[in-house]
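1. coordinates only, sequence not included:
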């Protein structure tokens, strides 16, 4: 046996002997008390058996739950997903035609898609994703084009005034609605006249014109040269800033080759 255990047992027997000598005459009355005291002294003397230290350590080691990094992994994924879902960066774009005096309202096309209208007094402002883009401003079938590169935090400005004035014929902004004869030709006893109506103003108008031309011919009976005139009236509704062309037919008394006629003219123009 180990020395510590031997000392414990010796102390135990020594206490039993002393107790028996002191209280033997009264043994029957206090046997339970004697046993209680013996156990108490034994505990007090440090004779309680010690648990194996190695066993304690082993139990402690197996009862501790190892730290898991699962939560950190999930947190990292969430952060990465949030970072990847950042909205697309955009740059500012300003499109203008400020140098044009004509009251135009023109379409702006960005990458083959109409994105708005621009006026000489009102530029068009856009937020465009970073990268290379194509911007166009169109007047009827004429389109001016510019290739640009937009970046976040930068301001890109394009003005199409000079190119549009070079390639597009704009009426005088101070001019009133008017009409002009483009061409005419004779077919038999009919003279076809093509009239162009122009409305440079910012409001729509009904424009009408009175046409006429003079002609001479040889009378078939008297063989005398006679003169007369032909008349026609034409009207057309023209939108603001637009022009329209219309044909009108004017008649001669016959298709005789001896008939001569002057150039058609506009006698009177009315604007409503």
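-> That came in fine, so what should we check first? A quick note: this is a predicted structure, and the numbers were derived from the prediction, not measured.
2. mean confidence for the helix or strand hosting residue 193?
-> Element membership for residue 193, per DSSP states H and E: strand 190-199. What strand 190-199 shows for mean pLDDT is 94.
3. ok, stretch 242-259 next?
-> The predicted model assigns stretch 242-259 a mean pLDDT of 87.
4. parallel or antiparallel, list what pairs with the strand holding residue 193.
-> Strand pairing for strand 190-199, using DSSP bridges, gives strand 178-187 (antiparallel), strand 242-251 (antiparallel).
5. would you mind giving these as a markdown table with distance to residue 128 and mean neighbour count added?
-> (Each C-beta comes from the backbone N, C-alpha and C, glycine too.) Listed next are the strands paired with strand 190-199 as a markdown table, based on distance: least, Cβ to Cβ, whole Å; neighbours: other Cβ atoms under 10 Å:
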| stretch | distance to residue 128 | mean neighbour count |
| --- | --- | --- |
| strand 178-187 | 41 | 14 |
| strand 242-251 | 31 | 15 |
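6. any chance of JSON lines for those, columns distance to residue 127?
-> Formatted as JSON lines, the strands paired with strand 190-199 follow (distance: least, Cβ to Cβ, whole Å):
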{"stretch": "strand 178-187", "distance to residue 127": "42"}
{"stretch": "strand 242-251", "distance to residue 127": "32"}
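7. show residues contacting the strand holding residue 193.
-> For strand 190-199, contacts defined as Cβ atoms under 8 Å, 6 or more residues apart in numbering pick out 171, 175, 177-185, 205, 207, 209, 211, 213, 230, 232, 234, 236, 238-252, 261, 264, 266.
8. quick one on the thing from earlier: select, out of the strands paired with strand 190-199, the one closest to residue 112.
-> Among the strands paired with strand 190-199, strand 242-251 comes nearest to residue 112, with 25.1 Å by Cβ to Cβ.
9. remind me which residues of this protein are low pLDDT?
-> Along the chain, the parts satisfying pLDDT under 70 run over 1-16, 18-87, 169, 171-174.
10. which stretches of it form helices?
-> In the chain, the helices defined using DSSP state H lie at 3-23, 27-44, 53-63, 70-84, 161-167.
11. which parts of the shortest one are buried?
-> By neighbour count, with 16 or more other Cβ atoms under 10 Å as the criterion, the buried positions of helix 161-167 are 161, 164.
12. what's that helix packed up against?
-> Counting contacts by 3 or more Cβ pairs under 8 Å, 6 or more residues apart in numbering; DSSP states H and E, helix 161-167 packs against strand 142-150.
13. helices and strands around the strand it packs on, which ones?
-> strand 90-96, strand 131-139, strand 155-159, helix 161-167.
14. highest average neighbour count across the ones you listed?
-> Highest mean neighbour count among the helices and strands packed on strand 142-150 (mean count of other Cβ atoms under 10 Å): strand 90-96, with a mean of 19.
15. pairing partners for it, with directions?
-> Applying DSSP bridges to the sheet, strand 90-96 is found paired with strand 124-129 (antiparallel), strand 155-159 (parallel).
16. need these in a markdown table with distance to residue 218, can you?
-> Output for these, formatted as a markdown table (distance: least, Cβ to Cβ, whole Å):
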| stretch | distance to residue 218 |
| --- | --- |
| strand 124-129 | 65 |
| strand 155-159 | 63 |
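17. wait, which of those strands is closest to residue 138?
-> Checking the strands paired with strand 90-96 against residue 138 by Cβ to Cβ gives strand 124-129 as the closest, at 13.1 Å.
18. buried set for that closest one?
-> Buried-residue list, strand 124-129, by 16+ other Cβ under 10 Å: 124, 126, 128.
19. hmm, back to that, the strands paired with strand 190-199: which one's closest to residue 148?
-> The closest of the strands paired with strand 190-199 to residue 148 is strand 242-251. By Cβ to Cβ, the value is 30.1 Å.
20. which residues sit against that closest one?
-> 171, 182, 189-199, 211, 213, 230-232, 234, 236, 238, 264.
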